[in-house]
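Model the structure of this input:
(one chain, ligands or ions: 1)
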Amino acid sequence: MRKKIAIIGSGIAGLTLANLLYKNKNHEFTVYEKNESLSLDEGYGIQMSVNSVKILNQIGFQKIDINKRFHPAGVDFYNIQNKKICDLDLIQFNTKDYKYTTLLRSSLIEFLKDDIYTQHIRFGKRIKEVSELKGKVLIKFDDNTNDLVDMVVGADGIFSNTRSFFEKKKNKPIFKNAVAIRAILNSNSGLNLDETRISLMMGKNCHLVFYPINKNKDLNFVCIVRVKKYNPDNIKSLVDKVVSQNSILEEVFKKDLKSWPLYATSKIIPSSNSRVFYIGDAFNGFLPTLAQGAGQSIESAYELFNLMDEEKNIIQSKYFEKRLMKVKIVRRRSNLNFFAFHFSSKIMQSLRNLIMKFLLKRKGFINSYLGSVYKS
Ligand SMILES: Cc1cc2nc3c(=O)[nH]c(=O)nc-3n(C[C@H](O)[C@H](O)[C@H](O)COP(=O)(O)OP(=O)(O)OC[C@H]3O[C@@H](n4cnc5c(N)ncnc54)[C@H](O)[C@@H]3O)c2cc1C
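Sure, this is the predicted structure:
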């Protein structure tokens, strides 16, 4: 049966689902976004592992301008003094058709908006009220428009407002006592890094990641620092803590810096309404230490899309069951990485480095640690 679907939120999750529905044409859909436009000026990068690239290829991702993306061959791990510890080969997960990809988030959004922008996205829309009517959901927006739909998909991020209309149980995201500081560097970081690869430097209570985002080799830089409280006016003190561990890093932090507090979803709770679904960060928000937030947004959209033609009671249980399994895997690994990347004790750091050197050479370990995540 042809369904009418309201997608709330035009981030990576909402736009991916919209594109899959657009290509398939079996269902009617509209994306409702609270902002007045898409955020295309956000100058930061995103890593897409093969699980998400494989899905995006189904909607034409391979056609994105070759100059606007990059395929790093691996990850180099360093200590904060820039001394290499070990490396990870990413090519082993690639195939001819899908490869580990890095790009600007804005390039991805630009691509995702192309086919659906004029016909299917409505801006400046916030839900005011919801009710059930004739077996459907009536959504009233605060600009006094409304829509009567068969399915509502909450794709409105980690602080999902959609949840507050449909769920009694709260699932408040938790501040993870960490802040991300980001910048785009032009070509050269000034550090001794192979800038065609992803470089990850681990320091005391912090780690830094550099990776190329296009053929010009502009570098995305992100530094995660542990801190009890987020104060956007006091980023300088966090930067000082990092730079005190290696003064060469001072140059890197001279760029235009942006900062974000890091939150993660506390519990994995299913939707209590058979017509309402959550995808992306609205389903579960992760720490960025496995670079899987966007990947999981894409995967969750794809999983839901594949169930669309089934009976509504079945969709909910099948969707949640599959998503739960994957989220648990990704969450465990993101949390473990977060823990291991930030040791402050020298003994723990040395022990971690030895373990990493040992494990990253083991194919069996890599296949179970990353292979299970990169499988979609
Ligand atoms: C520092 C950092 C680095 C990261 N790096 C990576 C990476 O390398 N690789 C990766 O895969 N992931 C990464 N992520 C995670 C990734 O960016 C997110 O997980 C992903 O963007 C989530 O997409 P989403 O569509 O679910 O939510 P969002 O991107 O949050 O989009 C939600 C959309 O809904 C809209 N909205 C919100 N409320 C409402 C409302 N009430 N009504 C209507 N619309 C609403 C918002 O305006 C927005 O457009 C990183 C995250 C951080 C913080």
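
Now do the contacts for the closest residue to Glu33 other than its chain neighbours.
The shortest distance from Glu33 to any residue that is not its chain neighbour, by Cβ to Cβ, 6 or more residues apart in numbering, is 4.0 Å, and that residue is Ser10. In short, each C-beta sits where N, CA and C put it, glycine included. Ser10 sits next to 18, 31, 33, 38, 113, 121, 155 when contact means Cβ atoms under 8 Å, 6 or more residues apart in numbering.

Show me the subset of the residues you listed that also lies near the ligand.
Of the entries in the contacts of Ser10, those that also sit close to the ligand under the rule Cβ under 6 Å from any ligand atom are 33, 155.

Make JSON lines out of the contacts of Ser10 and add distance to Phe339 and pLDDT.
Written out in JSON lines, the entries for the contacts of Ser10 read as follows (distance: Cβ to Cβ, whole Å; pLDDT from 0 to 100):
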{"residue": "Ala18", "distance to Phe339": "36", "pLDDT": "98"}
{"residue": "Val31", "distance to Phe339": "37", "pLDDT": "98"}
{"residue": "Glu33", "distance to Phe339": "35", "pLDDT": "98"}
{"residue": "Leu38", "distance to Phe339": "35", "pLDDT": "93"}
{"residue": "Lys113", "distance to Phe339": "37", "pLDDT": "96"}
{"residue": "Ile121", "distance to Phe339": "39", "pLDDT": "98"}
{"residue": "Ala155", "distance to Phe339": "29", "pLDDT": "98"}
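
Out of the contacts of Ser10, the closest to Pro72 would be?
When the contacts of Ser10 are ranked by distance to Pro72 (Cβ to Cβ), Lys113 comes first, at 25.5 Å.

if I pick that closest one, what's in contact with it?
10, 15, 38, 121.

Hmm, Ile109 and the second one touching each other?
Yes. Contact status for Leu15 versus Ile109: in contact at 6.9 Å, counting by Cβ atoms under 8 Å.

what residues does the stretch 1-150 of the chain put near the ligand?
Residues of the stretch 1-150 of the chain lying close to the ligand by Cβ under 6 Å from any ligand atom are 8-14, 32-35, 46-47, 126.

For those, work out which two are farthest apart.
Greatest spatial distance in those: Gln47 and Arg126, 31.1 Å, computed using Cβ to Cβ.

Same drill for these two, tell me which one is more crowded.
A count of neighbours by other Cβ atoms under 10 Å puts Gln47 above the other of Gln47 and Arg126, at 25 against 14.

For that one, give its distance to Pro212.
Distance of Gln47 to Pro212, given as Cβ to Cβ, to the nearest Å: 11 Å.

joint contacts of the two?
Residues within reach of Gln47 and of Pro212 at once, by Cβ under 8 Å, 6+ apart, are Thr102.

sorry, back to before: which members of the contacts of Ser10 occur in helices, if any?
With DSSP state H as the criterion, helices contain 18, 113 from among the contacts of Ser10.

Who wins on neighbours among the contacts of Ser10?
Within the contacts of Ser10, Ala155 tops the neighbour count with 32 neighbours, counted by other Cβ under 10 Å.

So the residue located most distally from the centre of the chain versus the ligand, what's the distance?
Distance from the C-alpha centroid of the chain, by Cα atoms, centre = their mean, peaks at Lys134 (36.5 Å). For Lys134, the distance to the ligand equals 24 Å [Cβ to the nearest ligand atom, to the nearest Å].

Tell me which of the contacts of Ser10 fall in strands.
Using DSSP state E, the members of the contacts of Ser10 that fall in strands are 31, 121.

nearest to Ala340, of the contacts of Ser10?
Ranked by distance to Ala340 (Cβ to Cβ), the contacts of Ser10 are led by Ala155 at 31.2 Å.

and the closest one, what is it in contact with?
Contact analysis of Ala155 by Cβ under 8 Å, 6+ apart lists 7-11, 13-14, 17, 278-280, 282, 297, 301.

give me that answer again for 10 Å
Contact analysis of Ala155 by Cβ atoms under 10 Å, 6 or more residues apart in numbering lists 7-18, 31-33, 162, 277-283, 297, 300-301, 304.

Now, those that are in strands?
Taking DSSP E as the definition of strands, the contacts of Ala155 contribute 7-8, 31-32, 277-278.

Distance to Glu251 for these - can I get that in a markdown table?
Formatted as a markdown table, the entries for those read as follows, by distance: Cβ to Cβ, whole Å:
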| residue | distance to Glu251 |
| --- | --- |
| Ile7 | 43 |
| Ile8 | 42 |
| Val31 | 41 |
| Tyr32 | 43 |
| Phe277 | 46 |
| Tyr278 | 42 |
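
Could you tell me which residues of the stretch 201-350 of the chain lie near the ligand?
By the criterion of Cβ under 6 Å from any ligand atom, the positions of the stretch 201-350 of the chain lying close to the ligand are 222, 260, 280-282, 288, 291-295, 297.

three-state assignment of Leu148?
Per DSSP: H, G, I helix; E, B strand; the rest coil, the local secondary structure of Leu148 is strand.
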